[in-house]
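[1] coordinates only, no sequence provided:
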């Protein structure tokens, strides 16, 4: 038995199927043209192609109008079934109802974001989507692959090099601050460059800040007195709050830790390149309703007005901003 090779088969275009149905229904080229919103010459061209494709005249002109041939009568049922299937296919839209959804989202982020971003995300999700479970994964070199494969739904933070096929959306800018013990013997309302060089420091070896801070120190030929290095932020507030060590951090995490642990926040005297915290996702999931909902949640929670920018008219942009492909 010979199997039909679909790669070689001539598949009818939907517009030709619609023409077939319209001519069979109306029996008139003029009425079919009106029904399809086309000119009569266009309908004539389509009909000629339809006849070639099906190897039959299909409709014969008569005093009563365009009469279907036996082959047209045999095919009309199949053609209408095909049109109905196409209509159903076009109407299929995956839906996501956060109030009833049961699923897990994986978000790549730094441990600083566990403190600054994750509580707000979780509080919102628990309020509007109680069936949603959040899993935090470490942001790093494997993050682009995880986003592409679907192992991760979103990344929050700063990724300097991102593969093609990803989207990104700016959330808020970051500059730098120093945090110190509120009762520090030598540091009070401000910290000078001289103070910065003199005081002992605690450094965080992970996250965006580590490399940017290292770059700034190298470019400005400054060597710090480092008394302690930590792999993350977990023990930092207790150490700064009970010693005379100072830490240099991105503003968001610095101000958050200071708020919860009673630390002093000071403008950093060292010039360090700022960066923008963004959310990242892969193009495969750009139109996925669940992914869109999660991105909208993060945009609503964290995107600052100055990042949203203005339309050319000068009016503020809508809450859902433009997504930028990488």
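    Received, thanks. Note that the structure is predicted; figures quoted are calculated from it, not measured. Numbering: from 1, shown residues only.

[2] the helices in this structure, which residues?
    In the chain, the helices defined using DSSP state H lie at 14-26, 29-36, 40-54, 70-91, 111-116, 118-128, 143-149, 193-198, 207-219, 236-242, 251-261, 289-302, 305-308.

[3] make TSV out of the ones you listed and add distance to residue 278 and mean pLDDT.
    C-betas here are computed from N, CA, C, even on glycine. Below are those laid out as TSV (distance: least, Cβ to Cβ, whole Å; pLDDT from 0 to 100):
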stretch	distance to residue 278	mean pLDDT
helix 14-26	40	92
helix 29-36	46	92
helix 40-54	48	92
helix 70-91	34	88
helix 111-116	12	92
helix 118-128	15	96
helix 143-149	12	94
helix 193-198	29	95
helix 207-219	11	86
helix 236-242	24	96
helix 251-261	13	94
helix 289-302	10	96
helix 305-308	9	52
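
[4] redo those helices as TSV? Include mean neighbour count and distance to residue 166.
    Formatted as TSV, these follow (neighbours: other Cβ atoms under 10 Å; distance: least, Cβ to Cβ, whole Å):
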stretch	mean neighbour count	distance to residue 166
helix 14-26	19	33
helix 29-36	17	41
helix 40-54	15	42
helix 70-91	12	28
helix 111-116	20	18
helix 118-128	14	20
helix 143-149	18	6
helix 193-198	14	37
helix 207-219	16	17
helix 236-242	18	31
helix 251-261	18	23
helix 289-302	18	13
helix 305-308	14	19
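
[5] quick one, which of those helices is nearest to residue 137?
    helix 143-149 (7.1 Å; Cβ to Cβ).

[6] neighbouring contacts of the closest one?
    Residues outside helix 143-149 that contact it (Cβ atoms under 8 Å, 6 or more residues apart in numbering) are 106, 108, 137, 151-155, 159, 162-163, 165-166, 280-282, 284.

[7] circling back to that earlier point, residue 170: which of the helices of the chain is closest?
    Closest among those, using Cβ to Cβ: helix 305-308, at 4.8 Å.

[8] still on that earlier bit, what subset of the contacts of helix 143-149 is buried?
    106, 108, 137, 152-155, 159, 162, 166, 280-282 (16 or more other Cβ atoms under 10 Å).
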